[in-house]
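Colleague: Structural data only, the sequence is not supplied:
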């Protein structure tokens, strides 16, 4: 029941982001490809060329960056993107796998899928498909995908083990996962976790070791951390998901430019959260 | 949705493959249609080109019954009466009972 409640919160939270109802203000709409999102995405490792090649509006600046996954894709591969959002990684992947390959984006938020489909049409992508689905119940046949990618989404799932078991099932033997995600370096103080917005990624994030163990328990081998970095404050002020950590505390978080603008308690929360979280890029193989 | 996608589509609940496809409206892609799992009799709508393959707990009967009604002449009777997670007949029967 707690899982259902979490899913509902995440769905509602991201529906609001997709439709621009929430977290946006008039000056810096997050619903077109604003400079901030592009700058931020560059920081995550996407190249300018990559960002220019995708339809405007597909980069909502929500991920933690998954450039290694994209770099690894080969022509002709079948790729599944877990939690595809407005489609940014799907469109970048589609270019890599070419006409012989295909990319399937799965997201449980109808409003996000609407955006993704609109973007697919704008970019005239022939090898990208989206479907409404849930990553704990993948609508994909066994042993069919070459690569499963996911960009800062699995941390939102209450049952991460099930997500990885489903990914394992859908991959062919020799297939791989290339995932970027938010994990905890140390336990978050209960007050911060409980005070976080229901669709915030820190609410359901788990410790790094436990996260890697989950991947291993799903059957994956050759688990590698390709990249690991701490978040910077700019990401926190811009990431709509994390913004809400302090949203209940500060009256004007939309305009946050520097940590000094926060009240003392919010400052403490942000610092503590920054010190407790990590962005990791992980790869693993299905034997 | 492209027909080719059926190659890798499985029921999200019991993972059965292959699934049955019924096309109601088609342009470049399938615009409206129905995907059926022959094993558990779950049905999944394709609306506005998007296959909706959500687990039961994320589905909304109010939102999906109009779809069943709209295409009831095209949808196999078994699905209308025994399909999961929602059926037309039970609903209609309940309505009839309520009205009588």
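Modeller: Received it, and whenever you're ready, just let me know what you need. Quantities reported herein were computed from a predicted structural model and do not represent experimental measurements.
Colleague: residues from the stretch 151-287 of chain A in reach of chain B?
Modeller: residue A:169 (CB under 8 Å from any CB of the partner chain). C-beta coordinates here come from the backbone N, C-alpha and C atoms, glycine included.
Colleague: any idea how far residue B:41 is from the nearest residue to residue B:59 once chain neighbours are set aside?
Modeller: Nearest residue to residue B:59, sequence neighbours excluded (CB to CB, 6 or more residues apart in numbering or on different chains): residue B:85, at 5.9 Å. In this view, residue B:85 and residue B:41 are 10 Å apart by CB to CB, to the nearest Å.
Colleague: Kindly report the same for residue B:20.
Modeller: In this view, residue B:20 and residue B:41 are 10 Å apart by CB to CB.
Colleague: show me the contacts for residue B:51.
Modeller: By CB atoms under 8 Å, 6 or more residues apart in numbering or on different chains, residue B:51 lies in contact with A:131-132, A:139, B:1, B:5, B:9, B:35, B:44-45.
Colleague: Farthest pair within these?
Modeller: B:5 and B:45 (14.7 Å; CB to CB).
Colleague: out of the two, which sits in the busier spot?
Modeller: Under the criterion of other CB atoms under 10 Å in any protein chain shown, the comparison of residue B:5 against residue B:45 puts residue B:45 first, with 22 against 18.
Colleague: so what pLDDT did that one get?
Modeller: As predicted, residue B:45 sits at a pLDDT of 97.
Colleague: For the helix or strand where residue A:168 lies, buried residues please.
Modeller: Secondary structure assignment for residue A:168, by DSSP states H and E: helix A:160-170. For helix A:160-170, burial by neighbour count (16 or more other CB atoms under 10 Å in any protein chain shown) applies to A:160, A:162-170.
Colleague: Same check on stretch A:81-98?
Modeller: Along stretch A:81-98, these residues count as buried under the neighbour rule (16+ other CB under 10 Å): A:81-97.
Colleague: among those, which are in helices?
Modeller: A:88-97 (DSSP state H).
Colleague: quick one on the thing from earlier: out of the buried residues of helix A:160-170, who's nearest chain B?
Modeller: Within the buried residues of helix A:160-170, the smallest distance to chain B is 7.1 Å, found for residue A:169 (CB to the nearest CB).
Colleague: Hmm, that closest one is touching residue A:136, no?
Modeller: No: under the criterion of CB atoms under 8 Å, residue A:169 is not in contact with residue A:136, lying 11.8 Å apart.
Colleague: For chain B, which residues score under the pLDDT cut-off?
Modeller: Low-confidence segments of chain B (pLDDT under 70): B:89-100.
Colleague: Around chain A, pick out the residues from it.
Modeller: Counting by CB under 8 Å from any CB, chain B sits next to chain A at B:1-2, B:5, B:7-13, B:15, B:17-18, B:44, B:48-55, B:57-58.
Colleague: Show me which of the residues you listed are buried.
Modeller: Among those, the ones that count as buried (16+ other CB under 10 Å) are B:1, B:5, B:8-13, B:15, B:17, B:44, B:49-55, B:58.
Colleague: returning to what we had before: turn the ones in helices among the buried residues of stretch A:81-98 into TSV, including pLDDT.
Modeller: Formatted as TSV, these follow (pLDDT from 0 to 100):
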residue	pLDDT
A:88	86
A:89	90
A:90	93
A:91	92
A:92	91
A:93	93
A:94	93
A:95	92
A:96	93
A:97	95
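Colleague: Of the residues you listed, which are in range of chain B?
Modeller: Of those, not one also sits near chain B (CB under 8 Å from any CB).
Colleague: which residues in the chain form strands?
Modeller: Picked chain A for this. Along chain A, counting by DSSP state E, strands occupy A:78-82, A:102-107, A:128-133, A:145-151, A:171-184, A:221-229, A:277-285.
Colleague: wrong chain, I was asking about chain B
Modeller: Listed in chain order, the strands found in chain B under DSSP E are B:20-26, B:30-36, B:43-47, B:50-53.
Colleague: right, and those - which one's nearest residue A:7?
Modeller: Using CB to CB, those put strand B:50-53 closest to residue A:7, at 15.0 Å.
Colleague: That closest one - which strands sit beside it in the sheet, and in what orientation?
Modeller: Using DSSP bridges, strand B:50-53 pairs in its sheet with strand A:128-133 (parallel), strand B:43-47 (antiparallel).
Colleague: Give me the below-cutoff pLDDT ranges for chain A.
Modeller: In chain A (pLDDT under 70), the answer is A:1-2, A:19-46, A:51, A:53-65, A:198-199, A:232-262.
Colleague: what about 90?
Modeller: Within chain A, the stretches with pLDDT under 90 are A:1-71, A:85-88, A:112, A:117-126, A:152, A:156, A:158, A:187-204, A:227-279.
Colleague: quick one: contacts of stretch A:118-130?
Modeller: Contacts for stretch A:118-130 (CB under 8 Å, 6+ apart): A:54-58, A:84, A:86-87, A:90-91, A:94, A:97-99, A:101-107, A:113, A:116-117, B:1-2, B:5, B:50.
Colleague: Repeat the analysis, applying 7 Å as the threshold.
Modeller: For stretch A:118-130, the surrounding residues in contact (CB atoms under 7 Å, 6 or more residues apart in numbering or on different chains) are A:54-55, A:57-58, A:84, A:86-87, A:90-91, A:94, A:97, A:99, A:101-105, A:113, A:116-117, B:1-2, B:5, B:50.
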